Every structure is written in structure tokens, then in C-alpha cells.
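[1] structure for this input, please:
(chains A and B)
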Amino acid sequence: GNSVTQMEGPVTLSEEAFLTINCTYTATGYPSLFWYVQYPGEGLQLLLKATKADDKGSNKGFEATYRKETTSFHLEKGSVQVSDSAVYFCALSQGYGGSQGNLIFGKGTKLSVKP
Amino acid sequence: DGGITQSPKYLFRKEGQNVTLSCEQNLNHDAMYWYRQDPGQGLRLIYYSQIVNDFQKGDIAEGYSVSREKKESFPLTVTSAQKNPTAFYLCANRWHGSYEQYFGPGTRLTVT
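    Alright, predicted model coming up:
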């Protein structure tokens, strides 16, 4: 079945460090891929998405490229800030209809950024 | 932003009582979802609904029930049959023409 695997945390970085959170997936066909962010005590916010191979999603300095050859969607940011401290979830969707519209999530990676 | 309101933010109940969590949306999205999140865990799907008066079980539906009588509302009832109800509950919606889901702020339920 479909699945998402992301690197286990917690990840602790100093401010202005480079961030990579790895995400790989298993799916048939051509899923859409997402990164969500969850700040403490809040719901999930869509951070970025990519719907086809080689697409690059970007938002707020974060980027991820849909690599079908390696079934990966790694999240990167060149210079993290304390305000980026949160839990990051990688997810996939197979399509629109029925259960295909359901999201499959990774377990989440907690990021802590120190000043 | 999916225009979702979940209330209350915190909810406390005694063991053996049923409790209903509210989820309302104002964007006319067709599909709605309920997830459960436990500390340090990912999200697990409880129920989802694609259209009014129709809903499907997710991965962990036992001990939960839902209704979808109106497009804007998708309440979740946590019944006394749910063995470990204490958790953070998240509601989400999705427009049929898109792949992404939008989440509400969540309700933290504590049962003692």
C-alpha cells in the first residue's frame, strides 16, 4: 500500500543553519506530495505542494522537489529561524475521488531552532 | 485556509460519557475529514465524508460516529466504546477539484 517515510527527529539546529528533512514515499502512479507544518497546540498548515514529477514547491523560504526517480520529496531551507521551530509532516494524495482523496502522512519531524 | 472552526479548544469529560466535537466550515468545500493525533505521532484518519448524507470509515473508526446533515458541518461523537479517547482531534476539508486538505485549529479532548 501507499506510505510515507520521513526522517525521525528531533532535529536541533542553530539559527541560520541549513535545513534538510528527508521524505520518501511508496505509491502507485503519480501521487501529489505535500509538506505541512504544525506549531505547538495548533492545527496543520499547508506549507508547500507539488503535483507532478520535477515540480518544485516553495513557500516562506522552504523548498521541496518532487523526484520520481528516487521517490523523494525532501524539505529544505537555506537559513532557519527560531520561528521555524515546529513539527513538519510529509504527506501524499493519490487523487480526487473516494479514498484517493485521503492524505497519507509521515510520522512528523520535530524541528527546534536555537538562537 | 479552509475556513474551519473547531470548538471548543479544550474539552474535558468523565469516562463513560459520550462527547461531540464540533467542526464547521464556511468555504463550501465538499469533502471533510476527522483525524486523531497522539503525542509524538502522526495523524490517523477516523472518518471522512465526500458529500452530504454520506460518510466512510477511516483507519480507526471504532468507538467514533459522525453525521453529515449539512455541507458546512461534520460533528464527531466520541463514544464510551472508544478505549483511549484522550487525544488531539483535527478536522479538515478539501475542495473536490484540489488535492490538498485544510485543517482547523483542533480540539484537545481529555477523558478521566
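
[2] low-confidence ranges in chain A?
    Per-residue confidence for chain A (pLDDT under 70) gives these ranges: A:95-100.

[3] quick one, strands of it?
    Ranges of strands in chain A, per DSSP state E, are A:3-6, A:11-14, A:19-21, A:23-26, A:32-38, A:44-50, A:56-59, A:62-65, A:75-77, A:86-93, A:103-105, A:109-114.

[4] which parts of the second one are buried?
    When you say that, I think you mean strand A:11-14. A:11, A:13 (16 or more other C-beta atoms under 10 Å in any protein chain shown). Every C-beta, even on glycine, is put in place using the N, C-alpha and C of the backbone.

[5] if we can go back for a sec, mind checking which of the strands of chain A is nearest B:T110?
    strand A:32-38 (19.3 Å; C-beta to C-beta).

[6] so that closest one versus strand A:109-114, what angle?
    Angle of strand A:32-38 versus strand A:109-114, following axes from the mean of the first three to the mean of the last three C-alpha atoms, to 10 degrees, is 50 degrees.

[7] is strand A:32-38 positioned near chain B?
    Yes: with C-beta under 8 Å from any C-beta of the partner chain as the measure, strand A:32-38 is seen reaching chain B through A:32, A:34, A:36.

[8] kindly reformat these as TSV containing neighbour count.
    Shown next, in TSV, are those (neighbours: other C-beta atoms under 10 Å in any protein chain shown):
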residue	neighbour count
A:S32	21
A:F34	27
A:Y36	25
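
[9] for these, which one is nearest chain B?
    A:S32 (4.1 Å; C-beta to the nearest C-beta).

[10] A:T51 is in contact with the closest one, correct?
    Yes: look at A:S32 against A:T51 with C-beta atoms under 8 Å: they come within range, at 4.5 Å.

[11] just for chain B, where's the confidence low?
    Ranges of chain B meeting pLDDT under 70: B:1-2.

[12] repeat that with 80
    Applying pLDDT under 80 to chain B flags the ranges B:1-2, B:40-41, B:96.

[13] okay, which residue is most central for it?
    B:W34 (3.1 Å; C-alpha atoms, centre = their mean).

[14] can you name the residues bridging to that residue?
    Counting by DSSP bridges, B:W34 is bridged to B:Y47, B:C91.

[15] contacting residues around it?
    B:23, B:45-48, B:58, B:64, B:66, B:74, B:76, B:89-92 (C-beta atoms under 8 Å, 6 or more residues apart in numbering or on different chains).

[16] go with 7 Å
    B:46-47, B:66, B:76, B:89, B:91 (C-beta atoms under 7 Å, 6 or more residues apart in numbering or on different chains).

[17] out of these, which comes closest to chain A?
    Nearest to chain A out of the contacts of B:W34 is B:C91 (C-beta to the nearest C-beta; 8.3 Å).

[18] how much space between that closest one and A:N2?
    22 Å (C-beta to C-beta, to the nearest Å).

[19] one step back: including neighbour count, could the contacts of B:W34 go into a markdown table?
    Putting these into a markdown table (neighbours: other C-beta under 10 Å) gives the following:
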| residue | neighbour count |
| --- | --- |
| B:I46 | 26 |
| B:Y47 | 22 |
| B:V66 | 22 |
| B:L76 | 23 |
| B:Y89 | 22 |
| B:C91 | 29 |
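
[20] B:F103 is in contact with B:A92, correct?
    Yes: look at B:A92 against B:F103 with C-beta atoms under 7 Å: they come within range, at 4.7 Å.

[21] nice, that's everything, thank you.
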